[in-house]
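Colleague: build the 3D model from these lines:
(2 chains)
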Amino acid sequence: MPVRRRSDPLKEALEKTLTAAVTDVLLDREITIPNVTLEHTRDPAHGDFTTNIAMRLAKGAGMPPRELAAAVIAKIPPDPAVAKIDIAGPGFINVYLAAGQSFAVIGEILETGEAFGRAAPKESPRILVEFVSANPTGPMHVGHGRGAAFGASLAALLSAAGYPVSTEYYVNDAGRQMEILAVSVLIRRLQQVKSETPKALPLAAYQGEYIVTIAESLDTSYDGVDPRRLYEGVPADTDDTKDAHIDAIIENAQSELGVLGFSSLRRYALDAILADIRIDLGEFGVRFDKWFSEESLTDDGSIDAAIERVREHNLLYEQDGHTWFRATELGDEKDRVVVRSNGKKTYFASDIAYHHNKRERGFDLLIDVWGADHHGYIPRVRAGLQAMGYAPASLDVPLIQFVSLWKDGEKIAMTTRGGQFVTLRELRSQVGNDAARFFYVMRSNDQHLDFDLDLAVSKSNENPVFYIQYAHARIAQVFEKLAADSLTFYRSEGLANLGLLTEEKEKNLASVLVRYPETIARAAEARAPHMLANYLRDVATAFHSLYNIDPKTYKFIDDDAPLRNARLALILAAQQVVKNGLAILGVSAPERM
RNA sequence: GCGCCCGUAGCUCAGCUGGAUAGAGUACUGCCCUCCGAAGGCAGGGGUCGCAGGUUCGAAUCCUGCCGGGCGCGCCA
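Modeller: Next up, the predicted model:
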């Protein structure tokens, strides 16, 4: 069991000291004094830690910020770990640590290893991240890929931040789309075995090649269907009547195959597509704790139970034969139908039941990762949760904006029309899993993503995945060279001599590494894996820059053993951080490239 | 019409929830291999942070109103 990272004891001690000093200065003022929190500076010229407390309290204290800061600093007892504390700019209090102190993080990284950056486990909130949840009517495409990469990275990030987290894929295996899928497969099958079958597929049917493949794998039990019976009394297939057209075919298919026969065909097609999705996502490094069937909600009475629960809260009414949910009472723009006059429940009814079910399973915070085109759906689902007595804040919905693929400086047209779209599988085979995972999350989720295929496969610093992985590999190569020179790295000697690290670029690298735990925490809170991606680039930059100091004056494998081990400790720590961060993003950390 | 997201360097984007001189990559210009990998590094030029008001010690960040772009507004799933 790896040692868990303890919080930074030096920083905490300094915060306590500062809080005491501020309290001391402002004792007679009638203002509440918050606990002082220190931040790592962005610019090393501003020292190691900084706080804006003097500016925030200046007004209440009736003192100019710089004067207040000076009074606070005067109250701080000397500390051997602190070189100096001064006032800068409009009133920042900057803390400069004593030489060597900023390298203390190296020992911690090497001791905790893979656990470095991981927060102590929290009990709550228990989080369920639901993502992808693409309709099982065809293969995953590049848009789904972004949701998959984002959701998987977010779940890993939340877990690293200490939260108990589960992942789930909601399988929309109920409703008319499954019936359309079934007849699409049936028609393809009949085309394969019966020449009199019409060659044109219904407009509303699924058109992709994968349907043909599934049809080919079908056993012969559906081959007895007479194509003429299938199309008997069916309205013409035009843009206006395509829905009626396919509905009539579905009805005919059901009477030809019987309820059970049709149902097993439907099941077969669904399973084939789901299996494909699982394999695809599995290869992409995306795994789910649970695949939740929408249909199961109908089967086990969950939908009726959820509707009853809403009814008990007096939020249902009947009108025009439909049963409506009073969503407007809870902030939605219009009321929503949950049960149609024909007795069928809407998709929304399933969703209310599903989210109720999630809460019943003990999850306190539900994170649904959705495509941005579904944003209008958020208020009603949230209203649904409220209607069942849950806080609206228990649902958090990060929206994933669209992806455009670029090649040779041009945007690749993507359309689902006619089943022609770029699949996730094609993308992965072109650029590899690592580049795909990284590129998908390197931009903020609410930013449209331009995915540059040429860049993703290029092996240069233009390519951020490559650049980061290369830093990891380069460090591995240093240690291979060390072994080739018949030398050994002695960690304890390295850690004992961190004071020998005097290069500006060494200090710079350490100051980036020390920010890793807070980067994890912040990125998790902001639901923003891209913050981690950007951070890792910073680590790589700091390392590559150090690496490129003129070897005449600077080498990792120095002849002087204490110095050599100190430097090796530093870069080994950097390698560990890169590895830990990449693992969260689902990207490999190769030893050589 | 209403709602959500976006608008920052020529291009693609960060900007840590209100802080210090707005940063990366790319492109452009010029440098650095007798070397642990130059698949890298260093330096330079390049900005009315869409526009106009407001809030305050302080605004790219918060509020209001405009202007652009994307998406969505079913008894579909």
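
Colleague: average pLDDT across stretch A:288-303?
Modeller: With pLDDT averaged residue by residue, stretch A:288-303 scores 96.

Colleague: can you give me the offset of it from its chain's centre?
Modeller: Computed by C-alpha atoms, centre = their mean, to the nearest Å, the chain-centroid distance of stretch A:288-303 equals 24 Å.

Colleague: which other residues reach it?
Modeller: A:166-175, A:274, A:278, A:281, A:345, A:349-350, A:352-354, A:356-357 (C-beta atoms under 8 Å, 6 or more residues apart in numbering). No exception for glycine: its C-beta is placed from N, CA and C like everyone else's.

Colleague: for it, measure first residue to last.
Modeller: 24 Å (C-alpha to C-alpha, to the nearest Å).

Colleague: the bottom helix or strand of chain A by mean pLDDT?
Modeller: Least confident element among the helices and strands of chain A, by mean pLDDT, DSSP states H and E: strand A:410-412 (a mean of 83).

Colleague: who does that one pair up with?
Modeller: Neighbouring strands of strand A:410-412 in its sheet, by DSSP bridges, are strand A:403-407 (antiparallel).

Colleague: which of the contacts of stretch A:288-303 are buried?
Modeller: Buried members of these, counted by 16 or more other C-beta atoms under 10 Å: A:166-175, A:274, A:281, A:345, A:349-350, A:352-354, A:356-357.

Colleague: on that earlier part again, helices or strands up against the helix or strand that the least confident helix or strand of chain A is followed by?
Modeller: With elements assigned by DSSP states H and E, the helix or strand that comes after strand A:410-412 is helix A:424-431. Here helix A:424-431 touches helix A:142-160, helix A:242-283, helix A:433-441, helix A:453-457, going by 3 or more C-beta pairs under 8 Å, 6 or more residues apart in numbering; DSSP states H and E.

Colleague: in JSON lines, list the ones you listed along with distance to RNA strand B and mean pLDDT.
Modeller: JSON lines is the format used below for the helices and strands packed on helix A:424-431 (distance: least, C-beta to the nearest atom of the strand, whole Å; pLDDT from 0 to 100):
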{"stretch": "helix A:142-160", "distance to RNA strand B": "11", "mean pLDDT": "97"}
{"stretch": "helix A:242-283", "distance to RNA strand B": "8", "mean pLDDT": "96"}
{"stretch": "helix A:433-441", "distance to RNA strand B": "10", "mean pLDDT": "96"}
{"stretch": "helix A:453-457", "distance to RNA strand B": "8", "mean pLDDT": "90"}
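
Colleague: make a markdown table out of those helices and add distance to A:A521.
Modeller: A markdown table is the format used below for the helices and strands packed on helix A:424-431 (distance: least, C-beta to C-beta, whole Å):
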| stretch | distance to A:A521 |
| --- | --- |
| helix A:142-160 | 9 |
| helix A:242-283 | 28 |
| helix A:433-441 | 17 |
| helix A:453-457 | 29 |
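
Colleague: for the residue of the stretch 51-200 of chain A found nearest RNA strand B, which non-adjacent residue is spatially closest?
Modeller: In the stretch 51-200 of chain A, the residue that lies nearest RNA strand B is A:G175 (2.7 Å; C-beta to the nearest atom of the strand). Distance criterion C-beta to C-beta, 6 or more residues apart in numbering; nearest residue to A:G175, sequence neighbours excluded, is A:Y347 at 6.6 Å.

Colleague: what about the one you found, neighbour count?
Modeller: For A:Y347, the count of nearby residues is 14 (other C-beta atoms under 10 Å).

Colleague: so it versus RNA strand B, what's the distance?
Modeller: According to C-beta to the nearest atom of the strand, to the nearest Å, A:Y347 stands 3 Å off from RNA strand B.

Colleague: do you know the pLDDT at that residue?
Modeller: On pLDDT, A:Y347 comes in at 94.
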